[in-house]
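Trainee: Next comes the sequence, and after it the predicted model I'd like to discuss.
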Amino acid sequence: MLPALAVALAAAAAASAANGGFSPQHAHSPNVHHTNTAYWVIFAFTSVIFVVVEGALVTFIWKYRTGGRGRDADGQQVHGNTRLELIWTVIPVVILAAIGTVVFVELPNISGAPASAANKLEITVEGHQFYWLFEYPNGARSINELHVPVGQDVELTVLSADVVHSWWIPQLQGKIQAIPGRTNHTWFRADRAGTYYGQCAELCGLYHDVMKATVVATSQADYKSFVSSQATQTLGKSEFEGVCATCHGMQGQGGYGPALATNSLLTQPASLAAIVRNGFGKMPPVANTWTDAQIKALAQYTKTHVYKGASSSGG
Ligand code: CUA
């Protein structure tokens, strides 16, 4: 008993030391402050209940142990205690009412639209196996890395192109599912410049684990410059690395999918477009919602950076 308890305590200490332990991530958007308030209120109640219940359990195990009594000796015979039963019914009702009140007071600030809706920036987030595609108001697109200005309300329209994913940036907003055929909304307002990390939070297939996302919060000027230059500069690279490389390797050397680096398809934009838009064999239609500009950026990048010339073995 005691050794097992010691091991459990040591494991709990190690578990709570990593990632801030029982604490939710630090809030960098107003809605997350409200989520965290609800979390700590519930945590306070459940902590007290845990200590009271486990304390009573240990006390009773000790106090009513057999000691010197015979194994078949009956204990004292008692009937119900009305007062005690009323108390242990009323207290949980009061606790649940308190938790419910806090949650329903906080909820509109967590899931509702931001107050200063007039100044909001609307961005579409689309989940794909296995990457995130972002579309900005001017039509610019980016992969896995969402750029936003600091201090501005950002409203996200969350969609899915294939299966259910879950968009989640713990420091900016709670989870919201990306569901095929359905439009969901969430929002955040980054309170300082920096990079915020997230992870698809719904098991969505073989490479669910690599379906990470970052939100880069910058000045308005840097945000504007990103969305105006994105289509030409880094889009092709981020498309190859964030979409193709998951299965075909960072250098196109092959992985779950076949090697690409010596495949002359990489130099033929029309054929490349057809295969990434429509899929082929086991290859899913990864680019089924891409614009022509996106396809063009990918074709340029694969031709100049991934293609290593035809294989001498004719493969
Ligand atoms: Cu997408 Cu998990």
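Mentor: Looks like it arrived, so ask away.
Trainee: hmm, who's touching stretch 216-230?
Mentor: The contact list for stretch 216-230, computed with CB atoms under 8 Å, 6 or more residues apart in numbering, reads 136, 138, 140-142, 145-150, 152, 190, 192-196. In short, each C-beta sits where N, CA and C put it, glycine included.
Trainee: By neighbour count, which bits of it are buried? Give me those.
Mentor: By 16 or more other CB atoms under 10 Å, the buried positions in stretch 216-230 come out as 216, 217, 218, 223, 226, 227, 230.
Trainee: Run through the bridge partners of the third one.
Mentor: Here residue 218 sits in beta bridges with residue 149, going by DSSP bridges.
Trainee: so residue 127 makes contact with residue 205?
Mentor: No: in this structure, residue 127 is not within contact of residue 205 by CB atoms under 8 Å, at 11.0 Å.
Trainee: quick one, which of those two is more surrounded?
Mentor: Between residue 127 and residue 205, counted using other CB atoms under 10 Å, residue 127 has the larger neighbour count: 27 against 13.
Trainee: Residue 215 touches residue 190, doesn't it?
Mentor: Yes: counting by CB under 8 Å, residue 215 does reach residue 190; the two are 7.0 Å apart.
Trainee: list the residues that contact both of the two?
Mentor: With contacts defined as CB under 8 Å, 6+ apart, the residues shared by residue 215 and residue 190 are 148, 172, 196.
Trainee: what sits against the first one?
Mentor: So the one you mean is residue 148. 121, 123, 154, 190, 215, 216, 217, 218, 223.
Trainee: How much space separates it from residue 43?
Mentor: Separation of residue 148 from residue 43 (CB to CB, to the nearest Å) stands at 30 Å.
Trainee: And residue 195, by the same measure?
Mentor: To residue 43, residue 195 is 28 Å away according to CB to CB.
Trainee: Pick out whichever of those two has more residues nearby.
Mentor: Applying other CB under 10 Å to residue 195 and residue 43 shows that residue 43 carries more neighbours, namely 14 against 10.
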